[in-house]
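Colleague: generate coordinates for the sequence data below:
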Amino acid sequence: MPRVSLRLAIASLLAVSSLALVPQTPAYFPVADIRPGMVGIGRTVFAGTTIEEFRVNILGVISNVTGPHRDLILAKLEGGPLATTGVIQGMSGSPVYIDGRLVGAVSYALGSFPKEPIAGITPIGEMVSALDASAPRGGSGDLALTWPATSAAVFDALARLARRATAPLGGLSDLRIQGAASLAELAPSLRPIGAAMVFSGFDPNIDRDLRRTFDAASPPQSPPATSASPSAPLRPGDPVGMALVQGDLEMGATGTVTHVAGSRVYAFGHPFLNLGPTSLAMTRARVYAVIPSLDSSLKIAVLGPVIGTMNQDRATGVAGTLGNGPQELTVNITLASDRGPDKHLQFRVLHDQSLTPLFAYVGLLNAIAGFERQSGALTVTTSGTISFGPSGTVTIDDMFSGDGAVNAASSSTTTAIGVAAMNDFRPALAERMDLTVRTTEQTQTTTIERAWLDTTRPKAGATHTLQILVRDYRGGTETVSMPVTMPAQTGPVTLLVTDAPTLASLEDRELRPGRATSWADLLTRLNSARRNNRLYVRLISSSAGTVVGGATLPALPASARSIFDDDKSVTTAPVLKSVVGAWEQRMSRVVRGSRELNLIVVAR
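Modeller: Take a look at the predicted model:
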């Protein structure tokens with residue numbers, strides 16, 4: 001062969017080889033070319049792992065329907081079980097093709113009780129352009145809770161988030177219709193199809209509350225866990241899951257893969273919770289069956305192995321990357337009682353500034369409620385740690401007794417997670433919680449009956465003995481002795497002997513401890529949070545004090561206060577009362593009640 005020809009042949013082979021290595025642009029069907037009457041093919045899984053095809057009859061295109069310059073393709077679906085089920089929860093994301101080119105994802109359906117399986121299709125171009133964006137995550141006022149939060153507040157916040165993400169399109173204006181004019185009448189009734197929610201391992205009452213929160217139907221029974229292989233290639237039309245909670249408790253959502261471009265996966269065609277940038281475990285999923293319903297049919301599916309991370313949840317769908325799963329909060333719980341051997345639970349909660357505290361609370365509440373009654377006499381003791389990795393650790397050591405013990409224990413224990421997640425100083429999502437929960441079906445409280453000092457004339461700077469008489473829930477009494485040291489200044493003081501709620505209320509109302517000024521300060525405050533199994537003693541002076549940079553300084557001279565007031569780099573605030581002495585005693589029961597001693601400190 002001539003040398004020139006050989007060189008040309010080699011060059012041609014190298015060119016072909018290099019082209020094979022370059023990712024090819026997917027063949028999208030342009031929305032501008034869509035016409036009413038066109039017929040396409042959709043793909044989804046109705047049962048098992050087999051992808052089935054269904055017919056897609058194009059009705060037209062509505063522009064400006066989900067936002068400015070956003071299109072939605074309307075179509076009537078045929079084939080498989082669709083004639084009897086209508087559009088099915090869990091099939092959102094099902095890819096639609098015309099002439100072998102990808103059009104988009106089945107994503108919207110008419111409201112309840114539709115007469116025909118009419119669906120909205122989100123164009124694939126809009127999915128890719130929006131889901132590959134990298135805009136920062138904005139704050140969510142819907143999820144801004146004050147911790148410790150009540151059960152009602154947690155579920156209400158989740159419900160608001162779910163309603164916002166799945167609301168129908170409603171009143172629309174400036175619509176442009178390509179197709180029958182009657183399509184405009186359908187547009188306001190369109191709403192995201194909705195993911196097929198997965199709940200497993202939840203107490204029936206909490207399961208009911210979660211389903212009501214996420215507007216999820218209840219399957220007749222929970223199917224067994226899937227054993228799908230994570231190594232098989234993920235295909236358009238395959239079911240895919242997103243995990244909120246994994247492990248002994250499982251909660252998440254399943255939908256359908258629309259498009260796979262290398263390691264990038266696009267699905268749903270509508271938002272899950274519309275979180276924007278997020279970090280959810282992407283999992284395999286297995287569909288067991290379709291349950292027909294006149295209201296809203298759904299796929300019964302379960303989550304499988306983790307295959308990557310979903311990192312975008314936006315108006316046009318969800319997207320993620322195949323590979324390693326995301327970082328999560330690992331929760332290890334040991335449930336101990338006098339009625340049997342210890343039980344151990346482990347689950348993982350998604351890492352998200354807003355959602356981690358909420359689902360950590362739900363998981364802990366479920367763990368305790370699943371094994372203990374939620375009403376009647378009950379005492380819950382919690383001990384353990386919450387780790388924020390290199391950023392520090394919060395110690396848990398508290399007790400709760402009475403009818404609301406389960407809710408109170410769950411809320412108080414997850415308060416550190418919630419406060420840290422929303423702090424202003426640094427990103428701080430909890431990485432691990434190791435918790436022992438010990439329960440007994442009886443009230444274990446002790447009430448402060450009386451307090452007295454060993455003298456009626458306490459001396460400035462001297463240490464005196466404080467005696468506290470407490471009575472337990474069975475009527476037995478005990479006297480607790482504590483040494484207390486008087487302030488160096490003479491004058492009136494109040495000796496307060498109290499429980500945790502009373503002290504916390506007084507601090508918020510009158511003593512005004514300054515706000516945390518750094519992450520280290522916040523961590524210290526979380527570790528010194530008021531606990532129910534403590535007997536607190538505070539020596540309070542009526543002299544004015546000043547909160548300086550987060551710390552309360554009692555009885556500052558006027559000259560010192562003026563210096564701090566002039567320094568604009570330091571946050572200051574006046575207080576009318578100052579704590580001049582603080583002590584506490586750990587008790588074996590929940591402390592209740594409060595007593596005050598009004599004293600006059602005299603000179604030695």
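Colleague: touching, T446 and Q585? I think so.
Modeller: No - using CB atoms under 8 Å, T446 is not in contact with Q585; the gap is 11.0 Å. (C-beta placed from N, C-alpha, C; glycine too.)
Colleague: so for the two, which residue has more residues nearby?
Modeller: It is T446, of T446 and Q585, that has more neighbours when counted by other CB atoms under 10 Å, with 24 against 15.
Colleague: so what's that one up against?
Modeller: Counting by CB atoms under 8 Å, 6 or more residues apart in numbering, T446 touches 470-473, 478, 587, 589-592.
Colleague: return the item of these having minimum pLDDT.
Modeller: In terms of pLDDT, the lowest of the contacts of T446 is Y473, showing 88.
Colleague: quick check: the gap between the residue most central in space within the chain and G363.
Modeller: With the centre of the chain defined as its mean C-alpha position, the nearest residue by CA atoms, centre = their mean is L355, 1.8 Å away. Distance, L355 to G363, by CB to CB, to the nearest Å: 12 Å.
Colleague: can you tell me how far the residue nearest to the centre of the chain is from M422?
Modeller: Distance, L355 to M422, using CB to CB: 12 Å.
Colleague: hang on, the earlier thing: of the contacts of T446, which belong to strands?
Modeller: Among those, the members found in strands (DSSP state E) are 470-472, 478, 590-592.
Colleague: on the three-state scheme, L506 is what?
Modeller: Of the three states, L506 takes helix according to DSSP: H, G, I helix; E, B strand; the rest coil.
Colleague: that one: what's it in contact with?
Modeller: Here L506 is in contact with 496, 498 (CB under 8 Å, 6+ apart).
Colleague: please repeat the previous calculation with a cut-off of 10 Å.
Modeller: 496, 498, 536, 538, 540, 577, 579, 594 (CB atoms under 10 Å, 6 or more residues apart in numbering).
Colleague: can you pick the most crowded of those residues?
Modeller: T498 (24 neighbours).
Colleague: hey, what's it bridged with?
Modeller: Beta-bridge partners recorded for T498 (DSSP bridges): Y536, S594.
Colleague: isn't S481 up against D454?
Modeller: Yes - S481 lies in contact with D454 (CB atoms under 10 Å); the separation is 9.3 Å.
Colleague: between those two, which contacts overlap?
Modeller: Joint contacts of S481 and D454 (CB under 10 Å, 6+ apart) are 465-467.
Colleague: of the residues you listed, closest to T309?
Modeller: Proximity of the shared contacts of S481 and D454 to T309 (CB to CB) peaks at L466, which lies at 56.4 Å.
Colleague: that closest one: neighbour count?
Modeller: When neighbours are defined as other CB under 10 Å, L466 has 19 of them.
Colleague: wait, what's in contact with it?
Modeller: Contacts for L466 (CB under 10 Å, 6+ apart) come out as 451-454, 480-484, 495, 497, 537, 539, 583, 597.
Colleague: can you tell me how far it is from D132?
Modeller: 66 Å.
Colleague: go on, Y266?
Modeller: Using CB to CB, Y266 is found at 9 Å from D132.
Colleague: assign the residue lying closest to T256 once chain neighbours are set aside to one of the three secondary structure states.
Modeller: Of all residues not flanking T256 in the chain, G93 sits nearest, at 3.6 Å (CB to CB, 6 or more residues apart in numbering). Three-state call for G93 (three-state DSSP): coil.
Colleague: contact partners for G93?
Modeller: G93 is in contact with 44, 104-107, 122, 127, 193, 195, 236-240, 254-259, 265-270, 317-318, counting by CB under 10 Å, 6+ apart.
Colleague: of those, which belong to strands?
Modeller: Counted as lying in strands by DSSP E, out of the contacts of G93, are 44, 104-107, 122, 239-240, 254-259, 265-267, 317-318.
Colleague: can you report how many residues lie near S263?
Modeller: Counted with other CB under 10 Å, S263 comes out at 11.
Colleague: contacts only, for it.
Modeller: For S263, the contacting residues are 234, 308, 320-323, by CB under 10 Å, 6+ apart.
Colleague: spatially nearest residue to T122 (excluding sequence neighbours)?
Modeller: With CB to CB, 6+ apart as the criterion, T122 has its nearest non-adjacent residue at 3.8 Å, and that residue is G269.
Colleague: residue boundaries of the helices in the stretch 401-550 of the chain?
Modeller: Along the stretch 401-550 of the chain, the stretches classed as helices by DSSP state H, counting those that start in this stretch are 405-421, 500-506, 519-527.
Colleague: for the longest one, which helices and strands make contact with it?
Modeller: Put plainly, it is helix 405-421. With contacts taken as 3 or more CB pairs under 10 Å, 6 or more residues apart in numbering; DSSP states H and E, helix 405-421 sits against helix 151-166, strand 328-337, helix 355-369, strand 379-387, strand 393-401, strand 432-440, helix 519-527.
Colleague: of the ones you listed, which stretch is the most buried?
Modeller: helix 355-369 (a mean of 25; mean count of other CB atoms under 10 Å).
Colleague: what's the average pLDDT for that helix?
Modeller: Average pLDDT, helix 355-369: 95.
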